[in-house]
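> fold the following for me, if possible:
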Amino acid sequence: MSDLSPQRAAVLDFLRERIAAGAPPSLAEIAAAFGFASRNAAQKHVQALVSAGLVELQAGQKRGLRLPGQGERMAALPVLGRVAAGVPIGPDTGSDRVLWLDRSLFSLRPDYLLRVEGDSMIDDGILEGDLVGVHRSRDARDGQTVVARLDDAITIKRFEHREGGVRLLPRNPAHAPIMVAADADFAIEGLYCGLVRQG
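Here you go, the predicted model:
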């Protein structure tokens, strides 16, 4: 670290901060942040940091920067769209955004992230704007929080299975439970396994 020029050390700090936040920067973003005339200058700094073993570069990925050892404890999770914590919302085309997140944040290994819209799960600490981790599963136990598809809409709720059928329970008394009709197009998409709250 002591062998780095002040500018290269600043680039390294910038990369560490962005990677830790789950948003590795592109070369264009590095160039913009430091006022470099071109992405080539950013690439030279990145390549020097890679050669020094201070960052790692994943081939073939636009934002493939990560910290050494990150691959063992970190997971690359795509943000696939929105999920309703309230009235179910229609499917979202999602985005190509990928976040690197520490696996220890989640109770199960998440397969993807969804952004919460609404306040029906606030008593479980799931707030509007949170990114929830979803572990793909078609099955759930009574009482688990699930991401469910109901007639082409997606929602996050507590799953309740009784003799009378399935109910999706909010965790906010201002919202009513959703009764799933026997003939409804209903499927469990996955299990909630934790969340990330971004500032």
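
> and E29, helix, strand or coil?
helix (DSSP: H, G, I helix; E, B strand; the rest coil).

> that one: how many residues sit nearby?
For E29, the count of nearby residues is 16 (other Cβ atoms under 10 Å). (Glycine included, C-beta is placed from N, CA and C.)

> in this structure A33 contacts F14, no?
Yes - the criterion here is Cβ atoms under 8 Å, and A33 meets it with F14 at 6.0 Å.

> between those two, what contacts are shared?
Taking Cβ atoms under 8 Å, 6 or more residues apart in numbering as the criterion, A33 and F14 both touch P25.

> quick one: contacts for the residue lying closest to A176 once chain neighbours are set aside?
Nearest residue to A176, sequence neighbours excluded (Cβ to Cβ, 6 or more residues apart in numbering): P170, at 7.3 Å. Contact analysis of P170 by Cβ under 8 Å, 6+ apart lists A85, G86, S120, M121, K157, R158, A176, P177, I178.

> which of the helices or strands spans the third one?
Here S120 is covered by no helix or strand, with elements defined by DSSP states H and E.

> give me the distance between the closest residue in space to it that isn't next to it in sequence and D119.
In space, and not counting its chain neighbours, S120 is closest to P170: 3.8 Å by Cβ to Cβ, 6+ apart. Distance, P170 to D119, using Cβ to Cβ, to the nearest Å: 9 Å.

> ok, now L27?
In this view, L27 and D119 are 39 Å apart by Cβ to Cβ.

> now swap in S107 and tell me
Between S107 and D119 the distance is 23 Å, computed by Cβ to Cβ.

> so the two - more neighbours on which side?
When S107 and D119 are compared on other Cβ under 10 Å, the one with more neighbours turns out to be D119, at 17 against 12.

> could you report the neighbour count for A76?
17.

> which strand or helix spans it?
Assigned by DSSP H and E, A76 falls in strand 74-84.

> so what secondary structure elements neighbour that strand?
strand 98-102, strand 112-117, strand 131-136, strand 153-162 (3 or more Cβ pairs under 8 Å, 6 or more residues apart in numbering; DSSP states H and E).

> that one: which residues count as buried?
M74, A75, A76, L77, V79, L80, G81, R82, V83, A84 (16 or more other Cβ atoms under 10 Å).

> same thing with stretch 30-42?
I30, A31, F36, R39, A41, A42.
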